[in-house]
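Novice: What would the 3D arrangement of this be:
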Amino acid sequence: MENLKIDINKLLEHINDNISILIKDIKNNKIIYWINEKEKIISASTIKVQIMLAILEQVKQNKIKLTDEILVRNMDILEDTQVFEQGERRYTLEELLNWMIIKSDNTATNVLINKFGFNYINDYIKQELKLEKTELNRLMLDSIARQNGKENYMCQMDMLKTFEMLYNQEILNNDLCKLAIDILKKQRSQDQIMRYIYENTHFAHKTGVLDYMNHDVGLMDINNQMIYIGISVYNCKKKEGNKQIVGKIGNLIYNTYK
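Specialist: A predicted model of the protein is given here:
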């Protein structure tokens, strides 16, 4: 693992962006690499993982069913969506959860936040997940809230805790943990950690992108070794962020464990 650390450090010598990295061998309970892992960072779409888990807790408590239908109104539909461009209709909770994660759809996310509420989701994050720096303070694409200083936050240590609890089935129940991981495995955004990996790899993860920042966090199964990889690049020099450095680090990790 020393060579992996050396290789990552060499890559980081050539970037001027801020970066937070946390890599852990989950099965052996060994942190492999860390830098700025407790830094509180704007979360972009990574917080959708915690939103999903909070909602699945309601399913566990039989307060709602995955088959229950929720109306997505025309007024709810945001301009950036492809999923809901057909207009107003009802969707099952399971479908909305899937679109929120696999397509990172902001319309699905906001509909779910509005249904379950900021207070409930934040209480779950603090009381059940016991995360220190993860906060949901605004809807997706809410430019007015952003102008007023409201942001959603995360840190890599919180993300690691979340994925470990999910993998070890310390939250929800076995079936719902499996469902959440299966949804995360269907992630369609593969241009960061998976950017330079061509093999078919089981990677349960969530990406997030805003101007001048990008994230990718999740669990990768490499030769039956479960590795948490969390990388955030922020305060980037380029508006599109720096997905290339995330891809290079991801490729280093994959080839080391392969």
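Novice: Please count neighbours and contacts with C-alpha atoms only from this point.
Specialist: Will do.
Novice: Just give me how far stretch 92-101 sits from the chain centre.
Specialist: Here stretch 92-101 is found 15 Å from its chain centre; the criterion is C-alpha atoms, centre = their mean, to the nearest Å.
Novice: hmm, I was thinking of stretch 51-63
Specialist: Between the centre of stretch 51-63 and the centre of its chain there are 17 Å (C-alpha atoms, centre = their mean).
Novice: Also stretch 54-66?
Specialist: Mean C-alpha position of stretch 54-66 versus that of the full chain (C-alpha atoms, centre = their mean) differs by 20 Å.
Novice: Residues in contact with that stretch: which ones?
Specialist: For stretch 54-66, contacts defined as C-alpha atoms under 8 Å, 6 or more residues apart in numbering pick out 92, 93, 94, 116, 120, 121, 124, 125, 172, 173, 176.
Novice: So residue 88 sits against residue 73, correct?
Specialist: Yes - at 4.8 Å, residue 88 counts as touching residue 73 under the criterion of C-alpha atoms under 8 Å.
Novice: hmm, back to that, can you tell me which of the contacts of stretch 54-66 are in helices?
Specialist: Counting by DSSP state H, the contacts of stretch 54-66 place 93, 94, 116, 120, 121, 176 in helices.
Novice: How many neighbouring residues does the second one have?
Specialist: Pointing back at residue 94 there. Neighbour count for residue 94, taken as other C-alpha atoms under 10 Å: 17.
Novice: how about the nearest residue to it, chain neighbours excluded?
Specialist: Computed as C-alpha to C-alpha, 6 or more residues apart in numbering, the closest residue to residue 94 that is not its neighbour in sequence is residue 66, at 4.9 Å.
Novice: who's in contact with residue 258?
Specialist: Going by C-alpha under 8 Å, 6+ apart, residue 258 touches 222, 223.
Novice: tell me the pLDDT at it?
Specialist: With respect to pLDDT, residue 258 has a value of 88.
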